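> I need the structure of the sequence given here:
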Amino acid sequence: MDYAYYYRHSRINIQKKEIVKKEIAFFDFDGTITSKDTLLEFIKFTKGRFRFYLGFIINFHYLIALKLKIISNQSAKEKILNFFFKNTSAQTFERYCLSFSRNILPHLFRPKAIEEITRLKEKNITVVIVSASPENWIEDWIKRNELQLIASKLEIKDGKLTGKLLGKNCHGNEKVSRIREVFSLDDHIVVAAYGDSIGDKPMLQLAEKAYYKPFV
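Numbering: from 1, shown residues only. So this is what the prediction gives:
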């Protein structure tokens, strides 16, 4: 046996295996997979419509400040979270999230988005949901459908919500930063990315094919 020949060709085969890249696709959640903003729908679900509208009237000046770019997206979100959920028991909050995920989310999904996720999974493409919404009411659906999730996180102290985010809001360039923290993009081919807002555009730029408002 020519051991030198066998060794050379074995190394070539190993190297070929090492450079095989996994295919991956990224989806925004709110407005892309869903037809409505799930944070707003979650507040309605937990607080009722009267308290929802009253709360936004009281906090309207923060929304104006966000539109005028006086405050950041994260700051505005934390003002709303603080108003509605500060000092809420984490256990109570998680029960609300599970109920919302099981009873409300299915009615918010865009059928074409779910069809596209199913199609990609059937091709063994890793599907990752990248959301600015807190992970809490998304992760049950993620687990049941064998997807992966990158999302904003809520700060909890002494078993209660503080009304703040833990770390940065997963929005805009932060989506790309968070993706890179979880995945080595050198080892993946980003075959597609799907979004519906300016905050998704940095993520869309990672993909071979970018889809903007594809399911509307």
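> From now on I want contacts and neighbour counts done on CA atoms only, so please keep to that.
Noted.
> my guess is residue 152 contacts residue 132, does it?
Yes: shown here, residue 152 and residue 132 form a contact pair, counting by C-alpha atoms under 8 Å, at 5.3 Å.
> ok, the residue nearest the centre of the chain - contacts?
For the chain, residue 131 is the residue whose C-alpha lies nearest the centre (C-alpha atoms, centre = their mean; 2.1 Å). Counting by C-alpha atoms under 8 Å, 6 or more residues apart in numbering, residue 131 makes contact with 28-30, 149-152, 170-171, 175.
> low-confidence ranges in this structure?
The chain contains residues with pLDDT under 70 at 1-19.
> Can you list the buried residues in the helix or strand containing residue 100?
Assessed by DSSP states H and E, residue 100 sits inside helix 90-103. Buried residues in helix 90-103, defined by neighbour count with 16 or more other C-alpha atoms under 10 Å: 90, 93, 96-98, 100-101.
> and it, how far out from the chain's middle?
Distance of helix 90-103 from the chain centroid (C-alpha atoms, centre = their mean, to the nearest Å) equals 18 Å.
> Downstream of it, the next helix or strand is which one?
According to DSSP H and E, the helix or strand after helix 90-103 is helix 105-108.
> residues in contact with that next one?
34-36.
> Residue 165: which of those is nearest?
residue 36 (21.3 Å; C-alpha to C-alpha).
> Helix, strand or coil: sort out the closest one for me.
Under the three-state scheme (DSSP: H, G, I helix; E, B strand; the rest coil), residue 36 adopts coil.
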